[in-house]
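Chemist: With the input below, show me the fold.
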Amino acid sequence: MGQISQLENKIEKLTYRAKLLENILEEIINFTNDFNEVALKDEKIFWQKLFNTAMKLIKKADYGSVYKYVDNQVHFLDSVGHNLELLQEIKMMAKVFQHDQRRNKVIIKKNIMNISQDRAKSNNFSKLSKASQPIGESITFDLYFERQLIGGLTLDIRKGSSKSFTQHDKKILKFLLILAQTFYKKDIEERFKKQQVYLEQLFEKSNVAIALLDNESKILKINRQFENLFEYKETNVKGLNIHSLITPREKLEEGLNNDQKIMDGHNINVETIRKNKSGRRIHVSLHAYPIKLDEGQIGMYALYNDITAIKKREDELNKQRAYFHQLFDKSITAIVLLSNNNRVIRANKKFEKLFGYSSEKIKGKNIDDLIVPEEKFSEGKNYSSRVLDNKTVEAESIRKNKNGERINVSINAFPIVLEKGQIGVYAIYENITRRKKEEKRIKYLSFHDQLTGLYNRRFFESEMDRLNKSRLLPISIIMTDINNLKVVNDRYGHAEGDRYIKMIAESIQAAVRNEDILARVGGDEFAILLPKTNGAESKKIIKRIKNNITKSCDKHSYPVGISAGYSIKKNYKTNLKDVFKRADFMMYKIKKSDHESS
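Modeler: Modelled structure (predicted):
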């Protein structure tokens, strides 16, 4: 009976192990079927499936996690028992987390957290401790493929558990590790095939001339674009040194230096000149780089892009740019280049001198805020709107410099338009302050008497023409003439006579109102145009004039006086020229009477 009982126990254990193996085999088959359908883009899914399979196969594991190494950092993809959100927040370098003894090997470790504690930063270790459940024992591996860390998984038994990982568990996990290695080998092979097809397509159909060279710069292969650009057939140049074919003599040293740099492991990106079979020079952009395999550099790629047309356009643009800079910087007028939103892009030296601003310091600022006075702001805004509406502006106005000083300027502003539309604005300012002052002086002289500063006969007559149609009736005209001026000139000289004329002018000006128009209309004659003035008011003004002159004469060596007469325009039909003649007549009549009575 005892032997039968022992046999039954053995059968039961064997049955259990068979069942266990069956389950293991079923899980592995399911995973393998899934694995065959997983593509590179589903790499995360692959690792998660690998992890789930491991947890199912090694049921004694209480916790676990799966991770990838990305950019030399640990990225957790999934976990059981541990806090995945906290794990994913941890930024930990691969060298801290990873251990050489588990590269492509399944290992069993006790207190695995302590392994990281020595090398992890305190904050990372603290986060790792918070995210992880207390671990008694772990079984783990890292996939190390083609000299690169890929990822790994760890299964854990909780601390205080009586369970322990066995060699059988290591075998199961080792089998999964082999599957992971197979996955990556399969994936790389598929990627290599695709890459090879892609490179062949790229090589042959590229619109860039490409040459595949050995380490001695001898041609192994060229594409069609190379044949077209340099006029060589591959069958005729294979095995020849590329410099002997397409590098001009003056560029040979440069070409050899480039080869040496490539052999030293550097890439080359330059613009240079090469020649075709006929000897015609071609501007090219050259991109060359080494081709490396495990055993070292085996050759180099050289890519030539024809940029002759681009270079020609660049030369033309450089010439235009040089002309522009000369015109812009050497111009005798102030020029500023503006964006479409009225912001300064660049100002020339004359602008800097005129307005006192440095071009660099005002770049990006609104031109109106800089040079438009407050009283001219609406005008400046209007000019800006007109130019943005594709119109030109030609005007004379006032602008201000950095110190707030007003400057008379002529303004010429016009849009800069290209095919795609307006791209900016040119504004040209010329300082016309001196001209304006001269114009003002000329205008002043043309309407003023040089000796007295009063209006002259020309201005007086223009004002008569203006007021002749006015409704400011009645309008009076007073005519005055200086008495005894000839005696002063004869006795004391014309300089003294001029002083007397100025004294009389000041006396008359002090007697008239602001709205009245006083003019010297002859050598010793003065006329006054008085809007809204009747006869009585005219008489009062004449009286004030005579009183002022009497007071002024007391201070001079010889007394002089005036004779004065007036006339009035009472209705619209009367012409002021006739009123002027009447006032002149009345003045001479009174002068004659005064002379006869004396």
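Chemist: Report the mean confidence score over whichever helix or strand Asn124 is part of.
Modeler: Assigned by DSSP states H and E, Asn124 belongs to helix 122-131. Taken as a whole, helix 122-131 has a mean pLDDT of 75.
Chemist: That helix: which residues count as buried?
Modeler: Residues of helix 122-131 classed as buried by neighbour count (16 or more other Cβ atoms under 10 Å): 124-125, 127-128, 131. For the C-beta atoms, the positions are set from N, CA and C on the backbone; glycine is no exception.
Chemist: cool, stretch 80-92 as well?
Modeler: 80-82, 86-87, 90, 92.
Chemist: Give me the subset of the residues you listed lying in helices.
Modeler: 86-87 (DSSP state H).
Chemist: Please state the offset of stretch 68-82 from the chain centre?
Modeler: 42 Å (Cα atoms, centre = their mean, to the nearest Å).
Chemist: Stretch 558-574 now?
Modeler: Taking mean C-alpha positions (Cα atoms, centre = their mean), stretch 558-574 and its chain are 72 Å apart.
Chemist: dump the residue contacts of the residue nearest to Gly561 when sequence neighbours are not counted.
Modeler: Setting aside the residues directly before and after it, Gly561 is nearest to Asn483 in space (Cβ to Cβ, 6 or more residues apart in numbering), at 4.7 Å. Residues near Asn483 by Cβ atoms under 8 Å, 6 or more residues apart in numbering: 560-563, 591, 594.
Chemist: Let's see that with 7 Å instead.
Modeler: 560-563 (Cβ atoms under 7 Å, 6 or more residues apart in numbering).
Chemist: what comes up buried for stretch 561-575?
Modeler: Neighbour-count burial for stretch 561-575, counted by 16+ other Cβ under 10 Å, picks out 561-569, 574.
Chemist: Just the endpoints, please. Distance across it?
Modeler: 30 Å (Cα to Cα, to the nearest Å).
Chemist: Give me the contacts around that stretch.
Modeler: With Cβ under 7 Å, 6+ apart as the criterion, stretch 561-575 contacts 468, 473-483, 504, 534-535, 538, 542, 545-546, 549, 576, 579, 582-583, 586-587, 589-591, 594.
Chemist: same question, stretch 467-475
Modeler: For stretch 467-475, contacts defined as Cβ under 7 Å, 6+ apart pick out 529-534, 568-571, 575-576.
Chemist: for it, what is the average pLDDT?
Modeler: Mean predicted confidence for stretch 467-475 is 89.
Chemist: Can I get it in CSV? Just the C-alpha atoms.
Modeler: What follows is stretch 467-475, C-alpha atoms only, in CSV (Å, rounded to 0.1, in the frame of the first residue of the first chain):
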residue,chain,number,x,y,z
LEU,A,467,-11.9,143.9,-47.3
ASN,A,468,-13.6,145.5,-50.2
LYS,A,469,-16.0,142.6,-50.4
SER,A,470,-16.3,142.4,-46.6
ARG,A,471,-19.5,143.1,-44.6
LEU,A,472,-17.4,144.7,-41.7
LEU,A,473,-19.0,148.0,-42.4
PRO,A,474,-18.4,150.9,-41.9
ILE,A,475,-14.8,150.7,-42.9
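Chemist: how far out from the middle of the chain is it?
Modeler: 63 Å.
Chemist: ok, and for it, which residues are buried?
Modeler: Buried residues in stretch 467-475 (16+ other Cβ under 10 Å): 467, 473-475.
Chemist: Any chance of the backbone angles for Gly421?
Modeler: Here is the backbone geometry of Gly421 (degrees, to the nearest 10): phi 120, psi -170.
Chemist: And it, how far from Ser339?
Modeler: 13 Å (Cβ to Cβ, to the nearest Å).
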